[in-house]
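K.L.:
Quick one, what's the 3D model for this:
(2 chains)
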Amino acid sequence: SQTIHQWPATLVQPVGSPLSLECTVEGTSNPNLYWYRQAAGRGLQLLFYSVGIGQISSEVPQNLSASRPQDRQFILSSKKLLLSDSGFYLCAWSRSTTTTEAFFGQGTRLTVV
Amino acid sequence: DQQVKQNSPSLSVQEGRISILNCDYTNSMFDYFLWYKKYPAEGPTFLISISSIKDKNEDGRFTVFLNKSAKHLSLHIVPSQPGDSAVYFCAASPWGQNFVFGPGTRLSVLP
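P.N.:
Below is the predicted model:
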């Protein structure tokens, strides 16, 4: 069976510090991978998605970046966090061949102070 | 401009009764729709989906109805249980592209 792991679950970081959130998927190969942010009143906002190693598409220009160094690893990063980066970040995967449901990780609550 | 709208931010229902969660969309290219359920501090979990070739899909207590002409879908939960209390997200996509999520509706099922 497929599983998705996302860590850490919570993170408190000072403004201007770097960020690295990691997500890994097990039990499948060549998944589509996604980073979402849940913002109040706006649902789930797609930040980045990847259809393969090294292939990253950005949906929203911002202070964040994403990388996919391995097939089942997706990393969300920032060089300098802003207060507005606070939020609940979710990693997700879906099968690559058809449009099906996406499976989400447990999420990371990021608080920038 | 939100392409997927859930105009009720919250809904309260008595246990055992029907919960109806609504979702409207504006993009006529959307042809695949999903509902997710989310508990606090957890990732969303997939509930049920429907493609535009159908107008109804049922899975246990959950039924999704799609009205393409009205660009409207709804999720019915019968009977509602306290464990159904969560935020429900509607999501839509054109085939083969990324999903757009609605803002969510918080359902409270009262014992």
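K.L.:
What ranges in chain B fall below the confidence cut-off?
P.N.:
B:1, B:95-96 (pLDDT under 70).
K.L.:
what residues does it put near chain A?
P.N.:
With CB under 8 Å from any CB of the partner chain as the criterion, chain B meets chain A at residues B:4, B:6, B:9, B:32, B:34, B:36, B:41-46, B:49, B:89, B:91, B:93, B:95-104. Heads up, the C-betas are built off the backbone N, CA and C, glycines and all.
K.L.:
Just the residues you listed: which are in strands?
P.N.:
Counted as lying in strands by DSSP state E, out of the residues of chain B next to chain A, are B:4, B:32, B:34, B:36, B:45-46, B:49, B:89, B:91, B:93, B:100-101.
K.L.:
So in terms of bridging, what pairs with the residue nearest the centre of chain A?
P.N.:
For chain A, the residue nearest the mean C-alpha position is A:W35 (2.9 Å; CA atoms, centre = their mean). Note on A:W35: beta-bridge partners by DSSP bridges are A:F48, A:C91.
K.L.:
can you pull the contacts of it?
P.N.:
Residues near A:W35 by CB atoms under 8 Å, 6 or more residues apart in numbering or on different chains: A:21, A:23, A:46-49, A:64, A:66, A:74, A:76, A:89-92.
K.L.:
Pull up the per-residue confidence for it.
P.N.:
At A:W35, the pLDDT value in this model is 94.
K.L.:
so A:P69 makes contact with A:G52?
P.N.:
No - here A:P69 does not reach A:G52: they are 11.8 Å apart, not a contact under CB atoms under 8 Å.
K.L.:
Give the residue from these two that has the larger number of neighbours.
P.N.:
Per other CB atoms under 10 Å in any protein chain shown, whichever of A:P69 and A:G52 has more neighbours is A:G52, with 13 against 9.
K.L.:
how about the helices of chain A, start to end?
P.N.:
For chain A, no helices are identified by DSSP state H.
K.L.:
for chain B, what are the nearby residues on it?
P.N.:
With CB under 8 Å from any CB as the criterion, chain A meets chain B at residues A:6, A:9, A:34, A:36, A:41-46, A:49, A:59, A:88, A:90, A:92, A:98-107, A:109.
K.L.:
circling back: type out the ChimeraX command that picks the buried ones from the residues of chain B next to chain A.
P.N.:
Provided next is the ChimeraX selection string for whichever of these are buried by 16 or more other CB atoms under 10 Å in any protein chain shown:
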select /B:4,6,32,34,36,42,43,44,49,89,91,93,98,99,100,101,102,103,104
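K.L.:
sorry, back to before: separate out the buried members of the residues of chain A next to chain B.
P.N.:
A:6, A:34, A:36, A:43-46, A:49, A:88, A:90, A:92, A:99, A:101-105, A:107.
K.L.:
confidence score at the closest residue to chain B within chain A?
P.N.:
Across chain A, the shortest distance to chain B (CB to the nearest CB) belongs to A:F104, at 3.3 Å. Reported pLDDT at A:F104 in the predicted model: 90.
K.L.:
got the end-to-end distance for stretch A:6-19?
P.N.:
One end of stretch A:6-19 sits 14 Å from the other (CA to CA, to the nearest Å).
K.L.:
Show me what the mean pLDDT comes to for it.
P.N.:
Rounded mean pLDDT across stretch A:6-19 is 94.
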